[in-house]
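1. Show me how the following folds:
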Amino acid sequence: MAGNTFGKQFRITTFGESHGGGVGVVVDGCPPRLELTDDDIQIELDRRRPGQSRLVTQRQEADRVEIFSGVFEGQTIGSPIGMLVRNEDARSGAYNDMRSTYRPSHADWTTEAKYGIRNWQGGGRASARETIGRVAGGAIARKLISQATGIEVLGWVSSIHGIDADVNSETVTREEVEADPTRCPEPAAAKLMTTAIEEARKDGNSLGGVVTCLARNMTPGFGEPVFDKLDAEMAKGLMSLPAAKGFEIGSGFAGTLMTGRDHNDPFVPGPNGKPSTSTNNSGGVQGGISNGEDLIMRVAFKPTATIASPQETVTQSNEATILAAKGRHDPCVLPRAVPMVEAMVCLVLADQFLRQQANTVL
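-> Residues are numbered from 1 along each chain as shown. The predicted model follows:
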């Protein structure tokens with residue numbers, strides 16, 4: 001199966017299935033002598049793992065990472081870094097009804113149409129459990145760009161099913177995001193979101209929404225026109241996440257309602273002798289290259305496909321039937337999607353940082 005590797009200079013290859021022995025990642029291209037421990041990875045995996053609150057799937061997985069290559073005496077050594085998380089609470093029996101029945105809007109039918117076979121236990125590679133590898137690799141990327149450039153990547157839930165949060169992107173902190181299980185840093189909106197998610201779960205239904213993510217203290221010059229523009233790489237990485245259905249950067253689609261005079265970001269004298277902008281409708285990218293302003297992006301996630309409500313579908317023999325899915329599934333992917341979004345942003349930035357080094361005069 002192709003398509004399991006992301007990045008050029010800083011590359012990850014994820015492996016494993018939801019109900020197999022485990023899932024993981026191989027990270028290649030990480031520079032040597034970067035201090036790295038299990039704890040650096042685990043803190044991000046704990047934010048992604050199931051069972052962390054009543055708002056997410058109750059599958060109980062510790063998701064403890066094992067680093068089995070590429071690190072010696074607490075430092076990276078320049079060789080591929082291998083990481084594994086073993087599956088411990090897979091209950092494949094809950095998927096028996098889906099052995100020969102396709103879940104609506106899931107990857108069951110399309111996977112079988114492409115490969116002629118599918119792992120019907122939990123969805124195989126289409127499961128969000130695959131993102132463990134991304135988050136683990138993203139944790140290394142986060143540490144690299146933080147130490148090398150000072151870039152900070154922060155995401156939060158900004159909308160769920162029409163409930164919008166009013167968040168100041170210039171001042172919001174990770175502590176505020178992590179203070180509530182919804183990962184929405186506005187308490188009033190978080191309370192409404194919690195109620196909506198709980199009601200959807202009771203109703204055998206699911207909800208979608210939007211994750212906003214920004215990168216602060218950006219370095220200008222990231223991005224490789226014309227086909228590897230920074231915003232294009234972000235779009236590819238973030239749209240590869242399970243359930244992602246839309247991507248915006250800066251003004252996004254709202255920019256179509258503005259005139260050029262209103263949308264253009266005026267340059268003003270900035271710090272360290274470099275220009276800055278008084279607005280940021282560009283979202284930190286102009287001509288596919290970072291301009292030093294904050295990157296600000298939004299990712300739309302659809303409602304979880306696997307729900308307990310009866311739905312019309314067909315069997316492998318193309319016979320009409322009704323499916324009410326069993327198992328433990330997220331009634332809303334948004335709270336757990338935040339660390340996934342952050343991971344992909346970190347991976348893109350780490351890759352672009354290393355690629356930019358080739359353009360730097362010694």
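2. pretty sure Leu323 is touching Val314, no?
-> No - Leu323 is not in contact with Val314 according to CB atoms under 8 Å; the separation is 9.5 Å. To be clear about C-beta, it is placed using only N, CA and C from the backbone, and glycine gets the same treatment.
3. what touches both of those two?
-> Common contact partners of Leu323 and Val314 (CB atoms under 8 Å, 6 or more residues apart in numbering): Thr101.
4. Give me the more crowded residue out of those two.
-> Leu323 (20 against 15; other CB atoms under 10 Å).
5. residue with max distance from the center of this protein?
-> Glu319 (36.0 Å; CA atoms, centre = their mean).
6. Would you mind giving me the confidence score for that residue?
-> pLDDT for Glu319: 94.
7. quick one: it and Gly123, what's the gap?
-> Computed as CB to CB, to the nearest Å, the Glu319 to Gly123 distance reads 22 Å.
8. tell me the mean pLDDT for stretch 186-195?
-> Averaged over stretch 186-195, pLDDT sits at 98.
9. Only the C-alpha atoms, please, for it, written as CSV.
-> Provided in CSV are the C-alpha atoms of stretch 186-195 (Å, rounded to 0.1, in the frame of the first residue of the first chain):
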residue,chain,number,x,y,z
GLU,A,186,-13.7,29.7,25.8
PRO,A,187,-15.6,28.4,28.9
ALA,A,188,-19.0,29.4,27.8
ALA,A,189,-18.7,27.8,24.3
ALA,A,190,-17.0,24.7,25.8
LYS,A,191,-20.0,24.2,28.1
LEU,A,192,-22.4,24.3,25.2
MET,A,193,-20.2,22.0,23.1
THR,A,194,-20.1,19.4,26.0
THR,A,195,-23.9,19.4,26.2
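10. for stretch 234-249, what is the average pLDDT?
-> Mean predicted confidence for stretch 234-249 is 98.
11. quick one: contacts of that stretch?
-> 6, 126-128, 130-131, 134, 208, 231, 283-285, 295-302, 304-305, 333, 337, 340-341, 344-345, 347-348.
12. From these, which land in strands?
-> Using DSSP state E, the subset of the contacts of stretch 234-249 located in strands is Phe6, Val285, Leu295, Ile296, Met297, Arg298, Val299, Ala300, Phe301.
13. mind checking pLDDT for the fifth one?
-> According to the model's per-residue confidence, Met297 sits at a pLDDT of 98.
14. Is it bridged to anything, and to what?
-> Under the criterion DSSP bridges, Met297 forms beta bridges with Cys213, Ile249.
15. which residues of the stretch 1-150 of the chain fall in helices?
-> Residue ranges of the helices in the stretch 1-150 of the chain, as given by DSSP state H, counting those that start in this stretch, are 38-48, 108-115, 131-149.
16. Pick the most deeply packed of those helices.
-> For the helices of the stretch 1-150 of the chain, the largest average neighbour count (mean count of other CB atoms under 10 Å) is found in helix 131-149, namely a mean of 24.
17. what's the following helix or strand after that one?
-> Note on helix 131-149: by DSSP states H and E, the next helix or strand toward the C-terminus is strand 152-160.
18. Who are the packing partners of that next one?
-> Applying 3 or more CB pairs under 8 Å, 6 or more residues apart in numbering; DSSP states H and E, one finds that strand 152-160 contacts helix 131-149, helix 174-178, helix 187-202, strand 209-216, helix 334-357.
19. And the contacts of the next helix or strand after it?
-> Under the assignment DSSP H and E, the closest C-terminal helix or strand after strand 152-160 is strand 163-164. With CB under 8 Å, 6+ apart as the test, strand 163-164 has contacts from Ser158, Ala189, Leu192, Met193, Ala196, Gly209.
20. what residue ranges in this protein are flagged as low confidence?
-> Applying pLDDT under 70 to the chain picks out residues 1, 51-52, 57-60, 89-95, 327-328, 361-362.
21. Counting neighbours, what do you get for the nearest residue to Asp231 once chain neighbours are set aside?
-> Of all residues not flanking Asp231 in the chain, Val285 sits nearest, at 4.6 Å (CB to CB, 6 or more residues apart in numbering). Residues within reach of Val285, counting by other CB under 10 Å, total 23.
22. Val285 and Gly250 touch, don't they?
-> Yes - assessed by CB under 8 Å, Val285 is found in contact with Gly250 at 7.3 Å.
23. Please produce CSV containing the helices of the stretch 1-150 of the chain, extended by distance to His19.
-> Shown next, in CSV, are the helices of the stretch 1-150 of the chain (distance: least, CB to CB, whole Å):
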stretch, distance to His19
helix 38-48, 18
helix 108-115, 14
helix 131-149, 13
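24. Please identify which of those helices is closest to Asp203.
-> Evaluated with CB to CB, the helices of the stretch 1-150 of the chain place helix 108-115 nearest to Asp203, the distance being 23.0 Å.
25. Just the residues contacting that closest one, thanks.
-> Applying CB under 8 Å, 6+ apart, the contact partners of helix 108-115 are Met1, Met98, Thr101, Tyr102, Arg118, Trp120, Gly123, Gly124, Arg125, Ala126, Gln316.
26. Same list (those) but as TSV, adding neighbour count and distance to Leu36.
-> Formatted as TSV, the contacts of helix 108-115 follow (neighbours: other CB atoms under 10 Å; distance: CB to CB, whole Å):
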residue	neighbour count	distance to Leu36
Met1	9	29
Met98	22	39
Thr101	20	44
Tyr102	23	42
Arg118	22	36
Trp120	22	37
Gly123	25	31
Gly124	22	30
Arg125	21	27
Ala126	20	30
Gln316	14	45
